[in-house]
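A.B. asks: Task: produce atomic coordinates for the following.
(one chain, ligands or ions: 1)
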Amino acid sequence: MARKRVTRGDFLRTACLSGAALATSCAAGSKSLRRPRRPNIVVVLSDDHGYRSVGYNNPAVRTPNLDRLGGKGVIFERAYVATPICAASRASLMTGLFPQQHGAVALDASEFQRSVVEEKRLPTVAQLLAGAGYDTALWGKSHLGPPRGYGFAEGEELKDLTDDQTFASAAEFIDRRKNNPTPFFLWVATRQPHIPLKPGPEWIDLYRNTEIPIDPNFRESPPRESVYNQGLPGEHYYRDSEGRDNYLGLPAGPPRSREQIREFTRAYYAVISRLDHQIGELVEQLERAGVYRNTVFLYLSDNGYHLGNHGLGNKITMHEESVRVPMLLHWPRLKRRGVRIPALVSSLDLFPTLLDLAGAPVPAGLSGLSLGPALREPVRPVRDYVASECVGVGGTRGTGHRMVRTDRWKYILTGVNEELLFDEHADPFEMVNVAGADANRAIVQQLRGHMREWMARVGDTHLPPPDA
Ligand SMILES: [Ca+2]
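C.D. replies: Numbers count the residues shown, from 1 in each chain. Below you'll find the predicted structure:
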């Protein structure tokens, strides 16, 4: 069955095809864009940073710069990625669409290359901001091919483990913005804290005497249900064992003891602290260049990380460890500052939010919502439910996982129609599946309805279980 592919026509009622056409077609919005002081935008996208591993959510983690930026800005407490896997998540950020809409459902970016770079069916947020008059640049882990191919005028893919080259390139770019009135859009895609972990002594020493908390849902090995598969059915990955420079030097797969997880987590936090320090230097560079006050800074990660919770050591699942990420926005000109926003938000919201903040037209057909209203004043919840998917891992479409999450409930549907329901208020560590409880029958039916609605929207052809 053919999936419901989003065409560029569906996506953009104002047809922005490329280059000059993009600029022309976006001209309708350019009057508002001539308003003074359009903000610069800096996005720092990290790799595999789970939402509990940041200082403002966990005092064991030392991230003074992220804490300060979030404390003076806006922390989105419940941010979910469109998919918890690298390339697909990045393609979703760039296109504003779920993986089954843009086609890059896992680690293979060739569908992104085809639809965005070759066929130019889907515009990227970088192309739209460039069309609206922004100078654009990306350095770091693209995972989607050369960044100049999908809307960035400058930049390159860099893969150094410490991100030093990436931050040096970003700093050099910011230095060139002094006295330049053209707004800029800078995307810094870090390699950290993805494995292999290479924290260096000064960073690991920070945690020598730190008690590393073990969450209540830690297990030495995962349960056998398919929701815990992280690849082909029956496989449970522990990526801390991959590569020559792995931190634990253990064979792949469970079990992992509490002490092993503590040692790994110590290194993971250490790398996050180094990343936080680099982010602090980047912000200082913005100040030195005189552009700090008018720069929107946004931090998030492409997915989380399990760290032994549920007996897993990777991401890819629909559990909070994997699918929920730290996300904050800082902008000195923001009216609402120093607030935590508990609304359910999606990584897909980044696309329309950035266009909104830039005063650029927000195209129709996106799967995310602008967070502009929530940044301006307290508003009702952004949405009733947030969705995520991971259907392409293991090479077999449809065997993966998908979820819808409301304020209280999370419903997961796997490729073999296992259903899981977690009460996030009573059970935030998702330890008890209550899908089969008689008392929850109406909730399960309601969430199945949300799931069917979402599946129809993204063209998910998996057949969910019928209501009894
Ligand atoms: Ca990742």
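
A.B. asks: my read: Asn285 touches Arg176, true?
C.D. replies: Heads up, residue 285 is Gln, not Asn. No. Gln285 lies out of contact with Arg176 (CB atoms under 8 Å); the separation is 11.0 Å. (Each C-beta comes from the backbone N, C-alpha and C, glycine too.)

A.B. asks: Looking at those two, which has the bigger crowd around it?
C.D. replies: Neighbours per residue, other CB atoms under 10 Å: of Gln285 and Arg176, the larger number sits with Gln285, 20 against 14.

A.B. asks: and the more buried one, what does it touch?
C.D. replies: Ala170, Ala171, Ile174, Asp175 (CB atoms under 8 Å, 6 or more residues apart in numbering).

A.B. asks: List only buried entries from these.
C.D. replies: Among the contacts of Gln285, those classed as buried by neighbour count (16 or more other CB atoms under 10 Å) are Ala170, Ala171, Ile174.

A.B. asks: Leaving out the residues flanking it, which one is nearest to the second one?
C.D. replies: Closest residue to Ala171 in three dimensions, ignoring its sequence neighbours and counting by CB to CB, 6 or more residues apart in numbering: Gln285, at 4.7 Å.

A.B. asks: so how many other residues sit close to the residue of the stretch 351-468 of the chain found nearest the ion?
C.D. replies: Of the residues in the stretch 351-468 of the chain, the one nearest the ion is Cys390, at a distance of 11.9 Å by CB to the ion. Residues lying near Cys390 (other CB under 10 Å) number 28.

A.B. asks: what about the nearest residue to it once chain neighbours are set aside, neighbour count?
C.D. replies: Leaving aside its sequence neighbours, Cys390 sits nearest to Gly400 (CB to CB, 6+ apart; 4.7 Å). Here the number of neighbours of Gly400 (other CB under 10 Å) works out to 29.

A.B. asks: just checking, Gly400 touches Ser388?
C.D. replies: No. Under the criterion of CB under 8 Å, Gly400 makes no contact with Ser388, lying 10.7 Å away.

A.B. asks: hang on, the earlier thing: any idea which helix or strand carries the residue nearest to Ala171?
C.D. replies: If you go by DSSP states H and E, Gln285 is part of helix 258-288.

A.B. asks: Same question for Leu344.
C.D. replies: Judged by DSSP H and E, Leu344 forms part of strand 339-346.

A.B. asks: go on, Ala168?
C.D. replies: Short version: Ala168 belongs to helix 164-175, going by DSSP H and E.

A.B. asks: could you give the mean pLDDT of that helix?
C.D. replies: Averaged across helix 164-175, pLDDT comes to 98.

A.B. asks: Please apply the same query to stretch 103-116.
C.D. replies: So the average pLDDT for stretch 103-116 ends up being 91.

A.B. asks: Span of that stretch from start to end?
C.D. replies: 10 Å (CA to CA, to the nearest Å).

A.B. asks: near the ion at all, that stretch?
C.D. replies: No. Interface with the ion: stretch 103-116 contributes nothing (CB under 5 Å from the ion), its closest point being 9.6 Å away.

A.B. asks: How about the protein: which residue is closest to the ion?
C.D. replies: Of all residues in the chain, Cys86 sits closest to the ion, at 3.8 Å by CB to the ion.

A.B. asks: shouldn't that residue be in contact with Tyr305?
C.D. replies: No. Between Cys86 and Tyr305 there is no contact under CB under 8 Å: 11.7 Å.

A.B. asks: Dihedrals phi and psi, Ser301?
C.D. replies: phi -120, psi 160 (degrees, to the nearest 10).

A.B. asks: Next, find the distance separating it from Arg288.
C.D. replies: 27 Å (CB to CB, to the nearest Å).

A.B. asks: Name the residue in the two with the higher neighbour count.
C.D. replies: Set side by side, Ser301 and Arg288 show more neighbours around Ser301, with 29 against 13, by other CB under 10 Å.
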